[in-house]
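Colleague: How does the following fold in three dimensions:
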Amino acid sequence: MVGRTPEFLGKKIEANEMKWSVVVCLAMPLAILLGSGIAALVPGVADSLTNGGPHGFSELLYAYSSAGGNNGSAFAGFSANTEFLNVSLAIVMLIARFLPIYGTLAIAGSMAGKKKLAATAGTLSTSNGVFVFLLILIVLLVGALSFFPALALGPIAEYLRSVGH
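Modeller: As a prediction, the model looks like this:
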(Lines give C-alpha, C1' and ligand atoms only; values in the text may rest on other atoms or scores of the structure.)
Protein backbone atom coordinates (compact mmCIF):
# COMPACT_ATOMS: atom_id res chain seq x y z
CA MET A 1 0.00 0.00 0.00
CA VAL A 2 3.01 2.30 -0.06
CA GLY A 3 2.16 5.31 -2.18
CA ARG A 4 -1.50 4.33 -2.61
CA THR A 5 -4.57 5.31 -0.66
CA PRO A 6 -7.00 2.58 0.39
CA GLU A 7 -10.28 2.29 -1.46
CA PHE A 8 -13.62 0.80 -0.52
CA LEU A 9 -16.37 0.17 -3.08
CA GLY A 10 -14.47 2.31 -5.58
CA LYS A 11 -14.11 5.35 -3.34
CA LYS A 12 -10.95 6.53 -1.60
CA ILE A 13 -10.80 6.25 2.19
CA GLU A 14 -9.11 9.36 3.56
CA ALA A 15 -8.15 10.72 6.98
CA ASN A 16 -11.64 12.03 7.76
CA GLU A 17 -13.23 8.59 7.33
CA MET A 18 -10.49 6.94 9.39
CA LYS A 19 -10.97 9.40 12.26
CA TRP A 20 -14.70 8.72 12.33
CA SER A 21 -14.02 4.97 12.14
CA VAL A 22 -11.93 5.21 15.30
CA VAL A 23 -14.70 7.17 17.03
CA VAL A 24 -17.28 4.55 15.98
CA CYS A 25 -15.11 1.66 17.23
CA LEU A 26 -14.08 3.20 20.54
CA ALA A 27 -17.14 5.22 21.61
CA MET A 28 -18.91 2.36 23.39
CA PRO A 29 -15.89 0.83 25.16
CA LEU A 30 -14.62 4.24 26.29
CA ALA A 31 -18.04 5.36 27.53
CA ILE A 32 -18.57 2.12 29.47
CA LEU A 33 -15.06 1.93 30.94
CA LEU A 34 -14.78 5.62 31.81
CA GLY A 35 -18.27 5.60 33.33
CA SER A 36 -17.47 2.50 35.39
CA GLY A 37 -14.11 3.90 36.46
CA ILE A 38 -15.53 7.24 37.54
CA ALA A 39 -18.38 5.53 39.38
CA ALA A 40 -15.90 3.28 41.19
CA LEU A 41 -14.16 6.41 42.53
CA VAL A 42 -17.33 8.09 43.83
CA PRO A 43 -17.70 7.20 47.53
CA GLY A 44 -21.51 7.04 47.57
CA VAL A 45 -21.64 4.42 44.82
CA ALA A 46 -20.20 1.75 47.12
CA ASP A 47 -23.37 2.04 49.23
CA SER A 48 -25.43 1.02 46.18
CA LEU A 49 -23.50 -2.22 45.73
CA THR A 50 -24.65 -5.45 47.35
CA ASN A 51 -21.13 -6.90 47.49
CA GLY A 52 -17.60 -5.60 47.75
CA GLY A 53 -14.42 -6.69 46.01
CA PRO A 54 -14.45 -8.21 42.53
CA HIS A 55 -18.18 -9.04 42.64
CA GLY A 56 -19.01 -5.43 43.52
CA PHE A 57 -16.92 -4.23 40.59
CA SER A 58 -18.70 -6.78 38.38
CA GLU A 59 -22.04 -5.29 39.49
CA LEU A 60 -20.84 -1.82 38.56
CA LEU A 61 -19.27 -2.90 35.26
CA TYR A 62 -22.39 -4.82 34.27
CA ALA A 63 -24.66 -1.84 34.99
CA TYR A 64 -22.59 0.45 32.74
CA SER A 65 -22.11 -2.22 30.06
CA SER A 66 -25.83 -2.88 30.01
CA ALA A 67 -26.66 0.82 29.84
CA GLY A 68 -24.30 1.28 26.91
CA GLY A 69 -25.13 -1.92 25.10
CA ASN A 70 -28.79 -2.77 25.55
CA ASN A 71 -31.63 -2.15 27.98
CA GLY A 72 -29.93 -0.85 31.13
CA SER A 73 -30.46 -3.83 33.43
CA ALA A 74 -28.37 -4.51 36.55
CA PHE A 75 -27.39 -7.35 38.88
CA ALA A 76 -29.98 -8.25 41.50
CA GLY A 77 -29.41 -6.14 44.58
CA PHE A 78 -27.62 -3.25 42.84
CA SER A 79 -29.43 -0.11 43.91
CA ALA A 80 -28.84 2.19 40.96
CA ASN A 81 -31.57 4.66 41.91
CA THR A 82 -29.34 7.51 43.03
CA GLU A 83 -28.94 10.85 41.31
CA PHE A 84 -25.31 10.21 40.34
CA LEU A 85 -25.95 6.71 38.96
CA ASN A 86 -29.10 7.76 37.07
CA VAL A 87 -27.31 10.67 35.40
CA SER A 88 -24.04 8.86 34.69
CA LEU A 89 -25.78 5.77 33.31
CA ALA A 90 -27.90 8.01 31.06
CA ILE A 91 -24.80 9.82 29.79
CA VAL A 92 -23.07 6.49 29.04
CA MET A 93 -26.22 5.30 27.27
CA LEU A 94 -26.37 8.42 25.10
CA ILE A 95 -22.67 8.38 24.20
CA ALA A 96 -22.45 4.62 23.57
CA ARG A 97 -25.53 4.58 21.38
CA PHE A 98 -25.63 7.86 19.49
CA LEU A 99 -21.95 8.68 18.90
CA PRO A 100 -21.44 5.54 16.75
CA ILE A 101 -24.62 6.34 14.82
CA TYR A 102 -23.48 9.91 14.21
CA GLY A 103 -20.00 8.72 13.17
CA THR A 104 -21.40 6.14 10.77
CA LEU A 105 -23.63 8.77 9.18
CA ALA A 106 -20.64 11.13 8.89
CA ILE A 107 -18.65 8.43 7.09
CA ALA A 108 -21.60 7.62 4.82
CA GLY A 109 -22.12 11.29 3.97
CA SER A 110 -18.45 11.77 3.22
CA MET A 111 -18.28 8.66 1.04
CA ALA A 112 -21.50 9.55 -0.80
CA GLY A 113 -19.99 12.83 -1.92
CA LYS A 114 -16.97 11.19 -3.52
CA LYS A 115 -16.67 10.11 -7.12
CA LYS A 116 -16.43 6.41 -7.85
CA LEU A 117 -13.09 5.26 -9.23
CA ALA A 118 -12.30 2.30 -11.43
CA ALA A 119 -11.32 -0.85 -9.53
CA THR A 120 -7.56 -1.29 -9.13
CA ALA A 121 -5.25 -3.72 -7.36
CA GLY A 122 -5.63 -1.54 -4.25
CA THR A 123 -9.42 -1.84 -4.11
CA LEU A 124 -10.68 -3.82 -1.10
CA SER A 125 -12.97 -6.58 -2.29
CA THR A 126 -15.94 -7.17 0.00
CA SER A 127 -17.15 -10.28 -1.82
CA ASN A 128 -14.66 -12.86 -0.59
CA GLY A 129 -13.82 -14.85 2.52
CA VAL A 130 -10.68 -12.85 3.28
CA PHE A 131 -12.76 -9.71 3.91
CA VAL A 132 -15.15 -11.61 6.22
CA PHE A 133 -12.24 -13.20 8.11
CA LEU A 134 -10.45 -9.86 8.57
CA LEU A 135 -13.66 -8.14 9.67
CA ILE A 136 -14.43 -10.78 12.31
CA LEU A 137 -10.80 -10.79 13.50
CA ILE A 138 -10.70 -7.00 13.93
CA VAL A 139 -14.03 -6.94 15.80
CA LEU A 140 -12.84 -9.66 18.19
CA LEU A 141 -9.45 -8.01 18.74
CA VAL A 142 -10.87 -4.55 19.43
CA GLY A 143 -13.47 -6.04 21.79
CA ALA A 144 -10.94 -8.18 23.64
CA LEU A 145 -8.34 -5.43 23.98
CA SER A 146 -10.95 -2.89 25.07
CA PHE A 147 -12.63 -4.91 27.79
CA PHE A 148 -10.09 -7.48 28.98
CA PRO A 149 -8.50 -5.27 31.68
CA ALA A 150 -11.89 -4.49 33.23
CA LEU A 151 -12.95 -8.12 32.98
CA ALA A 152 -9.73 -9.14 34.74
CA LEU A 153 -10.58 -6.84 37.66
CA GLY A 154 -14.18 -8.01 37.97
CA PRO A 155 -15.58 -11.28 36.62
CA ILE A 156 -12.28 -13.10 36.07
CA ALA A 157 -10.96 -12.15 39.52
CA GLU A 158 -14.30 -13.17 41.02
CA TYR A 159 -14.09 -16.58 39.33
CA LEU A 160 -10.50 -17.13 40.43
CA ARG A 161 -11.44 -16.13 43.98
CA SER A 162 -14.32 -18.66 44.04
CA VAL A 163 -12.12 -21.46 42.68
CA GLY A 164 -9.53 -20.79 45.36
CA HIS A 165 -12.04 -21.33 48.21
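
Colleague: Can you pull out the low-pLDDT segments for the protein?
Modeller: Within the chain, the segments meeting pLDDT under 70 span 1-5, 122-124, 165.

Colleague: which ones are touching the residue at the greatest distance from the centre of it?
Modeller: Distance from the C-alpha centroid of the chain peaks at Ala118, with 34.6 Å (Cα atoms, centre = their mean). Shown in contact with Ala118 (Cβ atoms under 8 Å, 6 or more residues apart in numbering): Gly10. Heads up, the C-betas are built off the backbone N, CA and C, glycines and all.

Colleague: quick one: it and Pro6, what's the gap?
Modeller: 15 Å (Cβ to Cβ, to the nearest Å).

Colleague: picking that back up, doesn't the residue farthest from the centre of the chain lie inside a helix?
Modeller: No - counting by DSSP: H, G, I helix; E, B strand; the rest coil, Ala118 is located in no helix; its state is coil.

Colleague: could you pull out the helices for this structure?
Modeller: In the chain, the helices defined using DSSP state H lie at 15-41, 53-69, 83-112, 129-153, 155-164.

Colleague: how big is the angle separating the third one from helix 53-69?
Modeller: Meaning helix 83-112. 50 degrees (axes from the mean of the first three to the mean of the last three Cα atoms, to 10 degrees).

Colleague: try the first one
Modeller: Angular relation of helix 15-41 and helix 53-69 on a 0 to 180 degree scale: 140 degrees, by the same axes, to 10 degrees.

Colleague: Buried residues, helix 15-41. List them.
Modeller: 17, 20, 23-33, 35-36, 39-40 (16 or more other Cβ atoms under 10 Å).
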